[in-house]
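> return a 3D structure for these sequence lines:
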Amino acid sequence: MAQYEWIPLYKEIAQKLLQFYGDRRPLVQLVNDIFAETGLNMPKLEQNSQLVDIDPFTVFGLFNKSSMREDKRRKILAALLQKLEISADLPANFDGIPVLNNQNATFYYFLPGRGKDDIEDLWIFYTGAMRYAVEKSECSKSCVAKSFDVVVNKKGNGNSKITMGLYWIAPDVYLNLDSRNEWYLYESGKMPQELVAVLPKIDGKMSAEQYFEIADKVQSYLESGKCPQHNFAELSTEAWRYSQQVNEEKKTAGDAPLQAVMEPTAMPDENVDTVHYWLYAPGNGADKWEEFYQKGIMAIGWGEIGDLKQFASKEAMKERMKAVYGQNLSYRNAAHATWQFANEMKPGDIVFVKKGRNQIIGRGVVESAYRFDASRTDTYNNIRDVKWTHHGEWQHPGQAVLKTLTDVTSYTEYVEKLNALFADDLNDEPEEVEKTYPPYGEDDFLQDVFMQQEDYEKLVDILKIKKNIILQGAPGVGKTYAAKRLAYSIMGEKDVERVMMVQFHQSYSYEDFIMGYRPTATGFELKKGVFYNFCKKAEIDTDRAYFFIIDEINRGNLSKIFGELFMLIENDKRGIPLQLLYADEKFSVPRNAYLIGMMNTADRSLAMLDYALRRRFAFVDLKPGFETEGFRAYQEELQSDAFDRLIACVLRLNAAIAADESLGEGFCIGHSYFCNRTKETTDAEHLNAIVEYELIPLLREYWFDEPEKVRDWAGKLRSAIR
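Numbers count the residues shown, from 1 in each chain. Predicted structure coming up:
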């Protein structure tokens, strides 16, 4: 098995780790030393980042994470080999190795939520599993089975993670049942139906008895000579390969990926899908729930109006409903729900199932595009496939809306409460099939943002060194547009999950930003703020950069908003914990978090930035991009004489503004006023709208005490487009 040369290495690491069972303190020190000596950021292994204990499966997880680059994995393994005196070589590839989701990369809960025996139980399980891998007696199997049932039911663990850990330490003995392998065995159609029919159904957290039955039956099939794969490693590799193939095919067809995606935190971008959350009622009084759950679907009524995709608008749906059901109702809500179900809901969205106004009875992930099923006789002909992840009863937080289908995504606090109902169980969702985002690099940035290449490179260098920058400039230089794309270009992809954007204003406070007490129906509740949550998300994914973007940063009371974070956001203070004002907790700003602020230099009404904060940011001027290569190319494509004359006039106007002692370069007119034009929208009529309703009112504000100058330049701008 030359392809799987990682197996001897992993087996030897597993054997060496046994020496730490009696005393884990040297292992804790070894882990700390590895990250200190390699220069890599230590992943979050404890709430306060101070590692006090660790289990052997989590040690394996240090170099088996979903976003880990190959060079970092090799660095960690090389250090581990040296410290444990391992004789096996570093492998050339890591084919067939399942990996943990970064968001759930420990096999134990952080303190204080961890049970006192949780890590000890993991060690007992580990030693039992290692013993069974060697001797395979009924006695050793009984011991490991007993421990399996204990650890699989620990908070944060489950089928995927526990079986993945077993596979790491003995891939020739233990079958990995992560989401890809489970899908491949049960749903892909690649396994013979007679085998699938006799495999125990996995529903929730499996028992050891179920696990060993599945592993034994799959092993027998692999050894039968009827299967192209011959062992668990080959099966795992093929499951990965085929799931990737299916994902690509589904992506091309616009259907669902195999797994849900994480909730995004950035503003939507033009070619990036974001997860939406839906509240859904399956029939009257949820009377269709059991049927829909068993069939893996969700459905809504209004089947008499036919396939919803035939309607070009909500208005057309309403007219059809009136024709079928009568003219006495507006059907506004019904048309909105059916339109959203057919056109706005998408694969990867999360659905919360409600019964009445006070009960949640399920949760699932949308897996397919909309389809019309004419064979149904109950009018519930409008269908989507759903992977139902939960079935039970939970108290709804407050009272639910009465509508059949409601997009609740924008109600962030409400969504947070709904997610909290399933928090313990969701910790076991590894999400190995991660969302693929459109690639985005330097060339894309320079094509989208009218900036010279050398200016872009300086901007990236400054941000990486300082970690906090403020993009300042006149109206229309594209500060917000550039900030998001700067983050994307550094990440190499449009990963909206790692970008958060907020806008400051006069009422924005520390309680909004970090944490504070908020009124509830019964009193006050301590709520975490947006920057607190962002930092907590970034610190458990230390291998990747996260970007926090603040629009209108100088509109807020910055001393009030940042509070004690004045110190923590400094580059050399990153990772240093400080006691928070409202909580018995020490908090730090992670090193992989970058702050990008935007400031309008032409707003006279705003106070100067606090000097204590000013020295913690690098200030970068964004200038109008009329003379960049990108804008010139854009201008040439339009082939509009009127547009060319208007731009030439604006350049002369900017020179006059820059030379004005009461204004200066910070008030120059930016290029974004003239972007996103086509040949059809550069005629005199469209350009006149820019001049009359955007540029001239701005000049009146600039030269409010010099009306003659306003009239002069207004005349020049009007003449340019005639």
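
> who's in contact with G113?
Taking Cβ atoms under 8 Å, 6 or more residues apart in numbering, we find G113 in contact with K155. For the C-beta atoms, the positions are set from N, CA and C on the backbone; glycine is no exception.

> which SSE is it in?
Using DSSP states H and E, G113 is not contained in any helix or strand.

> and the pLDDT for the spatially closest residue to N654 that is not a sequence neighbour?
Leaving aside its sequence neighbours, N654 sits nearest to C668 (Cβ to Cβ, 6 or more residues apart in numbering; 4.2 Å). We have a pLDDT of 89 for C668.

> could you report the neighbour count for C668?
If you count neighbours by other Cβ atoms under 10 Å, C668 ends up with 25.

> residues contacting it?
Neighbour list for C668: A474, K623, P624, N654, I657, A658 [criterion: Cβ under 8 Å, 6+ apart].

> quick one: the fifth one and A689, what's the gap?
The span separating I657 from A689 equals 22 Å under the rule Cβ to Cβ, to the nearest Å.

> may I see the buried residues of stretch 286-303?
A286, K288, W289, F292, Y293, I297, M298, A299, I300, G301, W302, G303 (16 or more other Cβ atoms under 10 Å).

> I657 and A689: which has the busier surroundings?
Comparing I657 with A689 by other Cβ under 10 Å, the one with more neighbours is I657, at 23 against 11.

> burial of the nearest residue to D448 once chain neighbours are set aside, as a residue count?
In this structure, D448 finds its nearest non-sequential neighbour in R485, 5.5 Å apart by Cβ to Cβ, 6+ apart. Neighbour count of R485, defined by other Cβ under 10 Å: 21.

> likewise K709?
14.

> show me what contacts A482?
Shown in contact with A482 (Cβ under 8 Å, 6+ apart): V449, M451, L471, L622.

> again with Y693
By Cβ under 8 Å, 6+ apart, no residues touch Y693.

> and it, how far from R700?
For Y693, the distance to R700 equals 12 Å [Cβ to Cβ].

> can you check D178 too?
64 Å.

> ok, now R73?
61 Å.

> looking at the two, which one has more neighbours?
R73 (18 against 13).

> what about the more buried one, helix or strand, and which?
Using DSSP H and E, R73 falls within helix 70-84.

> after that helix, which helix or strand is next?
helix 118-135.

> show me which positions of the helix or strand following that next one end up buried.
Where DSSP H and E defines the elements, the next helix or strand beyond helix 118-135 is helix 138-151. Within helix 138-151, the residues scored as buried using 16+ other Cβ under 10 Å are S140, K141, C143, V144, A145, S147, F148, D149, V150, V151.

> so which helix or strand takes in the closest residue to S87 other than its chain neighbours?
Leaving out its chain neighbours, the residue that sits closest to S87 by Cβ to Cβ, 6+ apart is E12, at 6.9 Å. Applying DSSP H and E as the criterion places E12 in helix 6-17.

> next, the angle from that helix to helix 118-135.
120 degrees (axes from the mean of the first three to the mean of the last three Cα atoms, to 10 degrees).

> so the helix or strand following helix 6-17 versus helix 6-17, what angle?
Next helix or strand after helix 6-17 toward the C-terminus (DSSP H and E): helix 25-38. Orientation note: helix 25-38 sits at an angle of 130 degrees relative to helix 6-17 (the same axes, to 10 degrees).

> mind saving the C-alpha coords of helix 25-38 as PDB?
What follows is helix 25-38, C-alpha atoms only, in PDB (Å, rounded to 0.1, in the frame of the first residue of the first chain):
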ATOM      1  CA  ARG A  25       1.900  16.900  31.800                       C
ATOM      2  CA  PRO A  26       4.800  16.100  29.500                       C
ATOM      3  CA  LEU A  27       2.400  15.700  26.600                       C
ATOM      4  CA  VAL A  28       0.900  19.200  27.300                       C
ATOM      5  CA  GLN A  29       4.500  20.600  27.400                       C
ATOM      6  CA  LEU A  30       5.300  18.800  24.200                       C
ATOM      7  CA  VAL A  31       2.400  20.300  22.400                       C
ATOM      8  CA  ASN A  32       3.300  23.800  23.600                       C
ATOM      9  CA  ASP A  33       6.900  23.300  22.500                       C
ATOM     10  CA  ILE A  34       5.900  22.100  19.000                       C
ATOM     11  CA  PHE A  35       4.000  25.200  18.200                       C
ATOM     12  CA  ALA A  36       6.500  27.500  19.800                       C
ATOM     13  CA  GLU A  37       9.400  26.000  17.900                       C
ATOM     14  CA  THR A  38       7.600  25.800  14.500                       C
END
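
> now the strands for the stretch 301-450 of the chain?
350-355, 359-366, 371-372, 382-395, 405-407 (DSSP state E, counting those that start in this stretch).

> I'd say S207 and V150 touch.
No: using Cβ atoms under 8 Å, S207 is not in contact with V150; the gap is 11.2 Å.

> with that, I have no additional questions.
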